[in-house]
Every structure is written in structure tokens, then in C-alpha cells.
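[1] model this:
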Amino acid sequence: MVVTHPITRSLVQRREHVIAILGCGKLGTAILRGLLDAEQNISVGDHRKLKIIACVRRAESATKLQSTLASYKDSVVVLTNDNMTAASQADVIVLGCKSGVLHEVLGEAGMRESLSGKLVISILAGATEGQIRMALSNGQSASSVNKEIEPQIICAIPNVASAVRQSMTVVSKVDRASLTPENFALASDILARLGWVVELDENHLNMGFILSAAGPAYIAVMLEALASAAVSSGVPREYALQMAARTMQGTAELILGGDSPAKVTENVCTPLGCSEKGLKVIQQGNLSGILVNALQEAERAIVKR
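    The predicted structure follows:
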């Protein structure tokens, strides 16, 4: 299932929600910017349906984040090293901390109670619902945990294009089954504000996460190469980057509109033409194989965590 991001859709059905983002690194900040931008577009009068608490570990990070979000200062509160306050005040929690400090964040005294019965959206690549619950239980056996007060957890991996509400977010079909219909609708609505959402089976999640979340880095490398070639021929860098980016955007729109990648290639290249000659160089360099290997290596890195 793929969900678009209609900006007129009601997130809260006439009641305010508070979202806490625990960990605002690059991805957390991108999500924060996307949510705030969406909120500006769907506000009714002066009423804001969404309030956000952003948590960081260091004072310098807080200062930087406040500067980045200066235009949204009325809709976001930035806290330093105070995840507990944020979790207790919010009814939706986004886990954006690094995987290495997951146990430290969720094992804090009182955290489990603060998350009791709430919706938790994890954006940690490779961290399963079970691992998150284990960190939250802080060593307690599963039989000793009161299921009625457990948070409802969904694992989702947006990408940095969340900042401009163009993310391709991957969620687990398995996690959907563990949520109430109301919380799944709420999670879907939040994620849809960042771009598009696709549900994958659990055995496809790691590659889905890599393609979606790491994909922008690989695409940016290709874009940089295209632009650099133009710059080397004298095209101003500003124009070269814009041309390369717009060309990629247009190509993506053709494929999203139904053309296959092979069809696009066929429509561009003519026998013995300049495009075909350039394409042969790409094929000789095995660019396709390199990209496949890159994604597979990244997937192996997730599994090893």
C-alpha cells in the first residue's frame, strides 16, 4: 500500500497531538522540518493541531536546532538531555536516537511508564520492535511485563527528503498488525505528511530501508558526477547542479507515470547517436553492478548490527 500526503487531511480529528522526537540528528531534523512545514499548510485559522518537542543531547546541538527552526519557534520546543520530560508530555514519540544509545534512552528510570499506552514510531534502521521492547523492559522478562501498559510500536524508515516532504518511507506490515486501528491511522497520517509510505513484508524490510534511506546519498553521487562533467566543459556549477537535478526529477516523473527505465533509455538513445555512445561507456564501467553491490553491502551492514 502506498499513501500520498494530502495536506488537507486531519491528523487529529479536532484534537491536538504532541509529538516528541527523541534524537534530532540529520534524519530527525529532516522529519521535524517536514512536519512543521506540513503543519503550516494545514492549519485552520490560528489553531495549530500539532505541537513538537525536539530532544538533543548537547547544548550546542540545541542552539543549532533552534537557529535552523527559527521560523517555527511557536510550534516546537527544544529540550537538552531531557527525554523523560518530552516522553511524559507527548502522546506520540519518535525514536530518532542512534541505535548505540537505544538501551540508554529507553532504559532510563521511568521511561517505560512515560511511554505507557502511547504510539512509538521508531526510525532506527535495523532495530526491530522486539529489540525496542527489550531495551524498554530494561532486563525484565517478557512474562513480567504488563502488556496492557506497553506502548504500541511501529518501525518506519523515512529519508532526508522528509525535510521537503518528498520522503519515501518504508514501514513493516507486521508492525501494522500490532497497532490499534486508531494508532495505525495516526502513524500513517504523520508519515504521509513527510511524503509517501509503502508497507513491506518483514523479510524485505532491510533492503527497503537501504533503498529508501541510503538511496538519496547514492543518487546524489550520480548527480554530482553529471554536474561535474558539465562544469568541466565550462557550464557554471550553479546551473550544472540545477540541470542535473531537474533532469533526474523529470526522469523519475516519467517512470512514476508508467514508463519503464528501459523505455526511457530507449526513447533517449538513437542508434550511433551521442547518447548511445555515452551509455556504452556507462555499461562498460558496470555502473549497474556497482550500485547493486553498494545496496547489498549496506544491507549486510544492517544485518551485522
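[2] Ile121 belongs to a strand?
    Yes: per DSSP: H, G, I helix; E, B strand; the rest coil, Ile121 lies within a strand segment.
[3] skipping its backbone neighbours, what lies nearest it in space?
    The shortest distance from Ile121 to any non-neighbouring residue, by C-beta to C-beta, 6 or more residues apart in numbering, is to Val94 (4.9 Å). C-beta: built from backbone N, CA, C; applies to glycine.
[4] ok, Ala86 next?
    Nearest one to Ala86, counting by C-beta to C-beta, 6+ apart, is Ala20 at 3.8 Å.
[5] show me what the one helix or strand Arg133 maps to is packed against.
    Element membership for Arg133 (DSSP states H and E) is helix 129-137. Contact here means 3 or more C-beta pairs under 8 Å, 6 or more residues apart in numbering; DSSP states H and E; on that basis helix 129-137 packs against helix 102-106, helix 111-114, strand 119-122, strand 152-157.
[6] how close does the residue positioned nearest the centre of the chain get to Gly195?
    What sits nearest the mean C-alpha location of the chain, by C-alpha atoms, centre = their mean, is Pro158, with 1.6 Å. Pro158 sits 7 Å away from Gly195, going by C-beta to C-beta, to the nearest Å.
[7] per-residue confidence for the nearest residue to Glu39 once chain neighbours are set aside?
    Once flanking residues are discounted, Glu39 sits nearest to Leu50: 4.7 Å by C-beta to C-beta, 6+ apart. On pLDDT, Leu50 comes in at 81.
[8] just checking, Leu50 touches His17?
    Yes: using C-beta atoms under 8 Å, Leu50 is in contact with His17, at 6.0 Å.
[9] these two: which has the busier surroundings?
    Comparing Leu50 with His17 by other C-beta atoms under 10 Å, the one with more neighbours is Leu50, at 22 against 18.
[10] for the helix holding Arg133, list the C-alpha coordinates in CSV.
    The C-alpha coordinates for helix 129-137 follow below in CSV (Å, rounded to 0.1, in the frame of the first residue of the first chain):
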residue,chain,number,x,y,z
GLU,A,129,10.1,-4.0,17.5
GLY,A,130,11.3,-6.8,19.7
GLN,A,131,14.7,-5.1,20.3
ILE,A,132,13.0,-1.9,21.2
ARG,A,133,10.7,-3.7,23.7
MET,A,134,13.8,-5.4,25.2
ALA,A,135,15.5,-2.1,25.6
LEU,A,136,12.4,-0.7,27.2
SER,A,137,11.9,-3.6,29.6
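[11] any idea how far it is from the chain center?
    Centre-to-centre, helix 129-137 and its host chain are 21 Å apart (C-alpha atoms, centre = their mean, to the nearest Å).
[12] swap in stretch 278-294?
    The answer for stretch 278-294 is 28 Å, by C-alpha atoms, centre = their mean.
[13] cool, and stretch 229-248?
    With C-alpha atoms, centre = their mean, you get 28 Å for stretch 229-248.
[14] that one: which residues count as buried?
    For stretch 229-248, a neighbour-count test (16 or more other C-beta atoms under 10 Å) marks Ala230, Val231, Ala240, Leu241, Ala244 as buried.
[15] how about residues contacting it?
    Here stretch 229-248 makes contact (C-beta atoms under 8 Å, 6 or more residues apart in numbering) with Ile219, Met222, Leu223, Glu224, Leu226, Ala227, Ser228.
[16] circling back to that earlier point, max pairwise distance over the buried residues of stretch 229-248: which two?
    Using C-beta to C-beta, the buried residues of stretch 229-248 reach their maximum pairwise distance at Val231 and Ala244, which is 10.1 Å.
[17] just the residues contacting stretch 252-266, thanks.
    Under the contact criterion C-beta under 8 Å, 6+ apart, stretch 252-266 has outside partners Thr251, Asn267, Leu279.
[18] in the stretch 151-300 of the chain, which spans are strands?
    Using DSSP state E, counting those that start in this stretch, the strands assigned to the stretch 151-300 of the chain run over residues 152-157, 167-172, 195-200.
[19] whoops, the stretch 1-150 of the chain was the one
    Using DSSP E, counting those that start in this stretch, strands in the stretch 1-150 of the chain cover 2-3, 17-22, 50-56, 76-80, 92-95, 119-122.
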